[in-house]
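K.L.:
Quick one: sequence and predicted model below, then my questions.
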Amino acid sequence: MTQLKNTPAKSTSMADLMAKNKDAFTTLTKGQIIEGTVKKLTPQEILLDIGAKGDALVIEFDKQNLDNLLSMLKVGQKVKASVISPESEEGFPVVSLRGMLNNIIYSRFEDLTNSDTALKVLITDSTRGGYFAQTEEGTKGFLPNSQVVDSKNIIGKTIDVKIIEFDKNQKRVIFSQKALIFVMDPEELKKLVKKDDEVAGEVASITPYGLYLSVKLGKNTVEGFIHISEISYERINNLEGLFEVGDKVKAQVIEVDTDNRRVNLSIKRQEKDKFADIRNKYKLEDKIKGKVKDVRTRGVIVDLGEGISGFIPADSLSQKEYKKDDELSAEVTGFDDKRRFVLLSPVLKTVPVGYR
């Protein structure tokens with residue numbers, strides 16, 4: 001009878017044990033992204049079950065972020081966290097869910113932007129160039145002055161806006177109130193209108209530097225802007241009295257301004273520039289008549305008719321004092337293309353005392 005020998009059990013090395021319980025021996029490092037399951041969710045404590053490593057405590061000192069986490073998370077939900085401290089004094093890891101929270105918030109921003117949907121923000125304060133605004137989740141953004149429809153008593157108010165720009169990495173969000181009315185997407189603007197197009201609009205607001213228009217293009221509405229220098233070939237110093245809100249205006253597109261998300265327009269470019277052929281109308285030493293339009297320190301501006309202005313420099317004036325609406329005779333001495341003046345010298349009707 002053959003005697004069976006006892007077969008010794010196969011020994012297990014420490015390497016095998018560590019391999020089988022790899023998670024139990026893995027050392028966490030600061031900044032590491034780990035996955036866990038929400039185990040406890042209260043205003044006092046949020047715990048994650050991170051497997052063999054035990055539980056991790058979620059730290060969030062910002063009340064708004066904590067409220068957001070409590071409203072967005074559920075017990076049993078799998079989340080990704082960033083390790084703040086691999087081991088606290090109490091022996092458990094400390095982690096943050098702020099990265100995950102930002103992902104959720106900016107994913108919502110992306111959805112709102114893609115669907116062109118409005119959201120509500122609280123205007124908290126003003127700054128140079130615009131206003132600070134805060135979303136319901138507590139995310140802070142910027143509302144530029146150029147994107148405000150009505151700035152009267154806006155601070156402290158909750159208003160509707162749209163997102164026109166956001167950068168998750170820079171944590172930057174730009175809001176617009178005008179986007180509720182106008183097309184703001186630069187690429188869409190380029191499709192709707194081209195340079196040199198003629199458009200019709202309605203004056204929406206009047207500023208010292210130009211006119212803002214509401215321009216209908218089919219079913220869409222875009223914002224138009226006419227700088228004061230593009231109103232007329234004649235120099236205009238004040239728009240007051242020339243236009244009123246609601247006036248209908250025809251203008252030519254001179255630029256699709258993607259930076260300001262509007263179209264820049266011109267009224268004067270639809271008209272012939274009378275100064276363009278001024279040298280055909282007037283020759284040097286021509287004697288002409290005009291009426292004083294304005295008296296300034298540097299000289300006298302003369303109305304020559306047909307929208308043409310002349311200018312007599314102060315050093316060319318005689319001792320005679322001119323006042324508005326005085327009629328005078330003058331001689332053409334040159335042309336100022338930049339300021340659009342016919343340069344003049346007064347023709348003396350009497351010989352000054354002492355003249356030889």
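P.N.:
Everything's here; your move.
K.L.:
Outline the domain layout of the chain.
P.N.:
32-96, 104-180, 186-270, 278-346 (automatic domain parsing).
K.L.:
and the ones you listed as JSON lines, adding mean neighbour count and mean pLDDT?
P.N.:
C-beta: built from backbone N, CA, C; applies to glycine. Formatted as JSON lines, those follow (neighbours: other Cβ atoms under 10 Å; pLDDT from 0 to 100):
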{"stretch": "domain 32-96", "mean neighbour count": "15", "mean pLDDT": "89"}
{"stretch": "domain 104-180", "mean neighbour count": "16", "mean pLDDT": "92"}
{"stretch": "domain 186-270", "mean neighbour count": "16", "mean pLDDT": "93"}
{"stretch": "domain 278-346", "mean neighbour count": "15", "mean pLDDT": "89"}
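K.L.:
what's across from the nearest residue to K291 once chain neighbours are set aside in the sheet?
P.N.:
With sequence-adjacent residues excluded and distances taken as Cβ to Cβ, 6 or more residues apart in numbering, K291 is closest to D303, at 4.9 Å. Beta-bridge partners recorded for D303 (DSSP bridges): K291, S309.
K.L.:
was I right about D303 contacting G290?
P.N.:
Yes. Between D303 and G290 there is a contact under Cβ atoms under 8 Å: 5.8 Å.
K.L.:
Just give the nearest non-adjacent residue to V83, would you?
P.N.:
Q32 (4.5 Å).
K.L.:
hmm, I was thinking of G210
P.N.:
Closest residue to G210 apart from its sequence neighbours, by Cβ to Cβ, 6+ apart: H227 at 4.4 Å.
K.L.:
and the one you found, backbone torsions?
P.N.:
Listed backbone geometry of H227 is phi -70, psi 150, with angles given as degrees, to the nearest 10.
K.L.:
now swap in K190 and tell me
P.N.:
According to degrees, to the nearest 10, K190 has phi -60, psi -30.
K.L.:
and it, what is it in contact with?
P.N.:
256, 258 (Cβ atoms under 8 Å, 6 or more residues apart in numbering).
K.L.:
Same check on K30?
P.N.:
83-86.
K.L.:
any idea how far it is from P93?
P.N.:
Going from K30 to P93 by Cβ to Cβ, to the nearest Å gives 10 Å.
K.L.:
cool, I59 as well?
P.N.:
Following Cβ to Cβ, the distance that separates I59 from P93 is 10 Å.
K.L.:
now swap in I154 and tell me
P.N.:
Applying Cβ to Cβ to I154 and P93 gives a distance of 45 Å.
K.L.:
which SS state does I155 fall under?
P.N.:
coil (DSSP: H, G, I helix; E, B strand; the rest coil).
K.L.:
Make sure it is actually in contact with D125.
P.N.:
Yes. Using Cβ under 8 Å, I155 is in contact with D125, at 6.5 Å.
K.L.:
intersection of neighbour lists for these two?
P.N.:
Counting by Cβ under 8 Å, 6+ apart, the residues touching both I155 and D125 are Y131.
K.L.:
K250 belongs to a helix?
P.N.:
No. Assigned with three-state DSSP, K250 falls outside any helix and is strand.
K.L.:
what's it in contact with, if anything?
P.N.:
198-200, 267, 270 are the contacts of K250 under Cβ under 8 Å, 6+ apart.
K.L.:
Narrow those to those in helices?
P.N.:
Per DSSP state H, helices hold no members of those.
K.L.:
Dump those to TSV, plus distance to S107.
P.N.:
Below are those laid out as TSV (distance: Cβ to Cβ, whole Å):
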residue	distance to S107
E198	43
V199	38
A200	41
I267	45
Q270	47
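K.L.:
Nearest to L344 among these?
P.N.:
Of all those, I267 has the smallest distance to L344: 28.2 Å, by Cβ to Cβ.
K.L.:
I'd like the distance between the closest one and G51.
P.N.:
71 Å.
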